[in-house]
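Novice: Sequence plus the predicted model coming up.
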There are 2 protein chains.
Amino acid sequence: VPNVEKAVHKSKLSGFIIDCNTRDLNASAQFWGQALGMPVRELSVDEADDYKRLVDDQHGLHIEVQSVTHPSRVHLDIETDDIEAEVTRLEALGAKRVRAIKRWVVMEAPTGHRFCVVQASSAGFDSVATRWP
Amino acid sequence: VPNVEKAVHKSKLSGFIIDCNTRDLNASAQFWGQALGMPVRELSVDEADDYKRLVDDQHGLHIEVQSVTHPSRVHLDIETDDIEAEVTRLEALGAKRVRAIKRWVVMEAPTGHRFCVVQASSAGFDSVATRWP
């Protein structure tokens, strides 16, 4: 029987990035790791200068501390199995596409918040994510 | 046998508040609820003007959308069974106490981010939170 269903995709909150306007990424990551009770994990060589991971075994979120040159802020990440379909869905809700970077897309919400749409990577994604028809 | 252990307290990430510089809280909450795939829940009368809850059955986070007069941002909440002990712990890590509001304390991280220390309320708190000796 051929699959005649309309294409669907899925998405959910991935976690958040703590953007820190700092030259001392290590100190920033140590503070947030201690503040949240989460171990700090080093990332691979191509990411190590800008990012450190906070391991969240409590909620399964993807959390990173990032060194940035803009003012400090927290931005949310949405993970999806189809970035283009998800960006299009969010545009229909009023968000704007800001730019594509490597493997993700930066967007701006109608509320003014920047956030990113990233490839799904969390363990519970398939069972927990919302299906968008 | 008397309990001679030193007092401990516990804390963990509670979730985050999406602070929106808007006069239309309803539209902001609808956007974020749809963006994240989370139902929007009305809060009680004393909170309804400023806050709406996003129900996160995916990760068990406490997420709210708040109407604010400062620029839009996302701020993290840390929940604890002992606010004063937790604020003192965070001060020792370099955070500053900004002010107490109702039942919570606003702090500023050494990275410049504002965040709040709130009373523990999540279902998994006792089993998941970090014990601080």
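Specialist: It's in.
Novice: going forward, measure contacts and count neighbours with C-alpha atoms only.
Specialist: OK.
Novice: separation between residue A:8 and chain B?
Specialist: Distance from residue A:8 to chain B, counting by C-alpha to the nearest C-alpha, to the nearest Å: 14 Å.
Novice: try residue A:45
Specialist: 24 Å.
Novice: And the contacts of the strand with the most length in chain A?
Specialist: In chain A, with assignment by DSSP state E, the single longest strand is strand A:9-21. The contact list for strand A:9-21 (C-alpha atoms under 8 Å, 6 or more residues apart in numbering or on different chains) reads A:28, A:61-82, A:85-86, A:120, A:122, A:125, A:128-133, B:36-37, B:111-112.
Novice: Show me which of those residues are buried.
Specialist: Listed as buried from those are A:28, A:61-68, A:72-82, A:85-86, A:120, A:122, A:125, A:129-130, B:36-37, B:111-112; burial here means 16 or more other C-alpha atoms under 10 Å in any protein chain shown.
Novice: returning to that earlier point: ok now the longest strand of chain A, how far from the chain's centre?
Specialist: Taking the mean of its C-alpha atoms, strand A:9-21 sits 3 Å from the chain's own mean (C-alpha atoms, centre = their mean, to the nearest Å).
Novice: how close does the nearest residue to residue A:104 once chain neighbours are set aside get to chain B?
Specialist: The spatial neighbour of residue A:104 that comes closest, neighbours along the chain excluded (C-alpha to C-alpha, 6 or more residues apart in numbering or on different chains), is residue A:118 at 4.8 Å. Separation of residue A:118 from chain B (C-alpha to the nearest C-alpha): 13 Å.
Novice: so which helix or strand takes in residue A:118?
Specialist: strand A:114-119 (DSSP states H and E).
Novice: Name every strand pairing with that strand and say which way it goes.
Specialist: In the sheet, strand A:114-119 lines up against strand A:73-80 (parallel), strand A:104-108 (antiparallel) (DSSP bridges).
Novice: give me the low-pLDDT residue ranges for chain A?
Specialist: A:1-6 (pLDDT under 70).
Novice: center of it - which residue?
Specialist: residue A:77 (2.6 Å; C-alpha atoms, centre = their mean).
Novice: who in chain A is up against chain B?
Specialist: For chain A, the residues in contact with chain B (C-alpha under 8 Å from any C-alpha of the partner chain) are A:11-13, A:20-22, A:28, A:31, A:34-37, A:58-61, A:72-75, A:78, A:90, A:93-94, A:110-113, A:128-130.
Novice: returning to what we had before: mind checking which of the buried ones among the contacts of strand A:9-21 are in helices?
Specialist: Filtering the buried ones among the contacts of strand A:9-21 for membership in helices, criterion DSSP state H, returns A:28, A:85-86, A:125, B:36.
Novice: measure stretch A:88-104 end to end?
Specialist: Terminal residues of stretch A:88-104 are spaced 14 Å apart (C-alpha to C-alpha, to the nearest Å).
Novice: and that stretch, which residues are buried?
Specialist: A:89-91, A:93, A:95-97, A:104.
Novice: ok, residues contacting that stretch?
Specialist: Contacts for stretch A:88-104 (C-alpha under 8 Å, 6+ apart): A:83, A:87, A:105-110, A:116-119, B:31, B:34-35.
Novice: and that stretch, how far out from the chain's middle?
Specialist: Distance, centroid of stretch A:88-104 to centroid of chain: 13 Å (C-alpha atoms, centre = their mean).
Novice: of all the ones in helices among the buried ones among the contacts of strand A:9-21, which two lie farthest apart?
Specialist: Greatest spatial distance in those: A:28 and A:85, 34.6 Å, computed using C-alpha to C-alpha.
Novice: before we move on, the earlier item: leaving out chain neighbours, which residue sits closest to the residue nearest to the centre of chain A?
Specialist: Residue A:77's closest residue in space is residue A:116 (C-alpha to C-alpha, 6+ apart), at 4.8 Å.
Novice: Then residue A:31?
Specialist: Closest to residue A:31 by C-alpha to C-alpha, 6+ apart is residue B:93, at 6.5 Å.
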